[in-house]
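Chemist: the following block contains a protein sequence and its predicted model.
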Amino acid sequence: MAKEVRFSRLVWLALGLAILASCQLNPSGSIPQAVQVAGVVGGTETKPTLLGKPLDLQGTSLTKEGEPYGGSVLPGMVVVAQGTDQGNTLRLQSLEVQVELKGPIAALDVNAGTLTVLGQQVLTDANTRIYEKVGGSYRTLLLADLAIGDVVEVQGTTTETGILATYIERHPRGNNEVELEGRATNLDEPAKHFTLNGYTVDYGQAHVVGTPREGAWVEVKGTLSGTLIQATKVVFKTSGNNQFGASRRVELEGPILGLDPTQKTFQLLGYTVDYSAANVVGTLVDGAYVEAKGQVDANDPTLFHAQLVKVKYPKSYPAKAEAKGTVSAIDHQGNTFSLGSLGFYVDANTVLKRDDPDGPIAFTDIQVGDYVEVQYDPTRTDADMRYYAVKVEVKTSQDGEGMEEWEGPVSHLDATSYTFQLLGYTVTTTEATRFEWRDQAYSRADFFALLQNGDRVEVKGTLSGTTIAAEKVELKGR
């Protein structure tokens with residue numbers, strides 16, 4: 001039986017999806033058209049995009065799960081937005097951030113790229129963005145930076161068996177506020193209790209939307225104490241007419257799960273997508289990132305009838321390490337490239353993209369001198385000991401302070417001269433260099449006392465020949 005996804009939210013979603021008067025993009029200078037969009041945010045932290053177009057958020061009403069939101073709109077977030085298509089940009093009047101799950105990590109498998117939160121399995125791949133807010137800004141993390149007990153918020157595509165995450169944010173520990181969804185079992189209406197993913201939910205003091213029903217798909221917000229969730233809001237889902245005409249054009253964009261080649265359906269951002277009558281471009285597999293155009297069913301707001309499904313990015317694999325730097329060598333025929341001393345290879349499952357304009361690229365589009373961010377798996381190598389790149393993103397800009405930026409593993413550490421090698425470059429430091437680890441500032445001597453070969457660092461500074469004069473060194477992981 002298909003999952004009954006968030007009905008009330010989907011009604012709003014249906015009214016706030018990518019409704020386009022035609023399949024053609026507005027040419028620059030034409031009359032702006034009303035546009036309503038749902039999908040995964042792309043681009044960069046300073047220039048977010050939807051459907052490959054930059055977002056104009058000046059004056060936009062921002063909400064998150066129905067509550068006012070004053071944070072950043074970051075790549076990886078699942079959003080619904082309304083505004084006008086200006087041709088080169090989307091000028092938004094409103095934007096809603098959608099959260100699937102929030103709670104403590106109970107299990108973590110970095111090799112498999114999975115974690116368990118509140119009884120639900122969360123899958124990650126090369127398109128999963130992981131963040132942590134530090135002060136007034138966000139920094140990116142790897143799955144290996146997370147730990148059991150960390151409180152995380154998850155956004156992405158949900159099925160009965162789990163979530164393929166596009167966005168994970170680590171929150172400070174001690175935060176016992178949780179969000180989750182699933183099927184209510186063992187419902188006890190007199191006691192106002194039910195079981196959800198192995199947790200007991202007490203909804204006696206909660207704001208309840210819908211009719212409590214055994215087996216209903218339910219969304220819960222509340223506080224966690226052991227295996228008891230004291231709910232503050234519970235929404236019991238039902239299906240019904242969305243009062244949304246079937247003639248409307250709709251566009252969805254994001255990762256798919258639950259592919260059923262026999263029924264020709266898959267799950268995407270809360271919808272069951274029926275692609276039986278669609279023109280499919282590319283190979284559909286669980287984990288593929290697609291664009292789907294079609295219509296929402298007039299009677300079932302959870303059902304989407306696709307007319308076109310296009311694979312934008314292939315199924316990819318979880319990232320276990322990260323490097324940033326300038327491409328120093330590339331072999332387009334051999335599918336290999338280098339960042340200084342680090343060599344990489346790509347295959348058909350490697351995600352290749354550019355951040356501005358946001359979208360997929362071919363390997364032949366990457367050139368020597370391009371600044372790239374590479375997510376890779378150091379446990380997978382070719383015969384020449386090059387690492388497997390799960391994602392290569394060409395970045396159009398580096399640090400906002402005007403400095404160049406590199407990231408990778410430390411080698412040839414010299415704690416006497418306060419130098420080390422990074423991507424084949426020699427990194428030099430001075431007393432004026434800023435050193436940081438776990439949001440704490442360190443003196444040069446103290447930092448080099450804890451630094452080890454193999455540690456993952458981010459260096460900002462200036463390059464002269466083969467030497468980087470570091471202005472900032474941050475220990476990112478070990």
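Modeler: Here it is on my side, so go on. The structure displayed is predicted, hence computed values, not measured ones.
Chemist: any weak-confidence spans in the stretch 251-400 of the chain?
Modeler: 397-400 (pLDDT under 70).
Chemist: which residues in it form strands?
Modeler: 257-260, 265-268, 271-274, 279-281, 289-296, 303-313, 321-326, 329-331, 336-339, 342-345, 351-355, 358-360, 371-381, 387-394 (DSSP state E, counting those that start in this stretch).
Chemist: just say which of those strands is most tucked in.
Modeler: With neighbours taken as mean count of other C-beta atoms under 10 Å, these reach their highest mean count in strand 265-268, at a mean of 25. Every residue, glycine included, has its C-beta placed from N, CA and C.
Chemist: so what touches that strand?
Modeler: 2-3, 157-159, 252, 254-260, 272-276, 284, 286, 290, 292, 304 (C-beta atoms under 8 Å, 6 or more residues apart in numbering).
Chemist: tell me which strands that strand pairs with, and in which orientation.
Modeler: strand 257-260 (antiparallel), strand 271-274 (antiparallel) (DSSP bridges).
Chemist: contact partners of the first one?
Modeler: Where contact means C-beta under 8 Å, 6+ apart, the residues beyond strand 257-260 that reach it are 157-162, 164, 265-267, 284-287.
Chemist: change it to 10 Å
Modeler: 2-3, 123, 156-164, 265-268, 272-273, 275, 284-288 (C-beta atoms under 10 Å, 6 or more residues apart in numbering).
Chemist: buried among those residues? Need that as a selection in ChimeraX.
Modeler: Selection command for ChimeraX covering only the buried members of these, criterion 16 or more other C-beta atoms under 10 Å:
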select :2,3,123,156,157,158,159,162,163,164,265,266,267,268,272,273,275,284,286,287,288
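Chemist: show me the contacts of strand 257-260 that map onto helices.
Modeler: In helices, judged by DSSP state H, none of the contacts of strand 257-260 are found.
Chemist: so for the host helix or strand of S411, what gets flagged as buried?
Modeler: Taking DSSP states H and E as the criterion, S411 maps to strand 404-414. By neighbour count on 16+ other C-beta under 10 Å, the buried set for strand 404-414 is E404, E405, W406, E407, G408, P409, V410, L413.
Chemist: could you dump these to a markdown table with pLDDT?
Modeler: Formatted as a markdown table, these follow (pLDDT from 0 to 100):
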| residue | pLDDT |
| --- | --- |
| E404 | 82 |
| E405 | 89 |
| W406 | 93 |
| E407 | 92 |
| G408 | 92 |
| P409 | 93 |
| V410 | 96 |
| L413 | 97 |
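Chemist: what ranges do the helices span in this protein?
Modeler: Listed in chain order, the helices of the chain (DSSP H) span residues 7-15, 444-450.
Chemist: least reliable of those helices going by mean pLDDT?
Modeler: Ranked on mean pLDDT, the bottom entry among the helices of the chain is helix 7-15, at a mean of 49.
Chemist: what's the distance between K353 and A292?
Modeler: Counting by C-beta to C-beta, to the nearest Å, the separation of K353 from A292 is 19 Å.
Chemist: give the contact list for G162.
Modeler: Counting by C-beta under 10 Å, 6+ apart, G162 touches L101, T114, T116, Q120, Q121, V122, L123, G156, L257, G258.
Chemist: just those: which are in strands?
Modeler: Judged by DSSP state E, these include L101, T114, T116, Q120, Q121, V122, L123, G156, L257, G258 as members of strands.
Chemist: report the beta-bridge partners for the closest residue to L308 other than its chain neighbours.
Modeler: Among residues not flanking L308 along the chain, K293 sits closest, at 4.5 Å (C-beta to C-beta, 6 or more residues apart in numbering). Note on K293: beta-bridge partners by DSSP bridges are E251, L308.
Chemist: K293 contacts V281, correct?
Modeler: No: with contact defined as C-beta atoms under 10 Å, K293 does not count as touching V281 (11.1 Å).
Chemist: overlap in contacts of those two?
Modeler: Taking C-beta under 10 Å, 6+ apart as the criterion, K293 and V281 both touch L308, V309, K310.
Chemist: ok, now how distant is the residue nearest to the last one when sequence neighbours are not counted from V290?
Modeler: Closest residue to K310 in three dimensions, ignoring its sequence neighbours and counting by C-beta to C-beta, 6+ apart: V281, at 4.3 Å. Between V281 and V290 the computed distance is 9 Å (C-beta to C-beta).
Chemist: the nearest residue to D85 once chain neighbours are set aside and Q82: what is the separation?
Modeler: In this structure, D85 finds its nearest non-sequential neighbour in V35, 4.2 Å apart by C-beta to C-beta, 6+ apart. Remark: distance between V35 and Q82 (C-beta to C-beta) = 8 Å.
Chemist: equivalent analysis for A383, please.
Modeler: For A383, the distance to Q82 (C-beta to C-beta) stands at 52 Å.
Chemist: cool, E214 as well?
Modeler: Applying C-beta to C-beta to E214 and Q82 gives a distance of 36 Å.
Chemist: these two: who's more crowded?
Modeler: Q82 (20 against 12; other C-beta atoms under 10 Å).
Chemist: list the beta-bridge partners for the more buried one.
Modeler: Q36, S94.
Chemist: doesn't T60 make contact with it?
Modeler: Yes: using C-beta under 10 Å, Q82 is in contact with T60, at 9.4 Å.
Chemist: kind regards, and thank you for your time.
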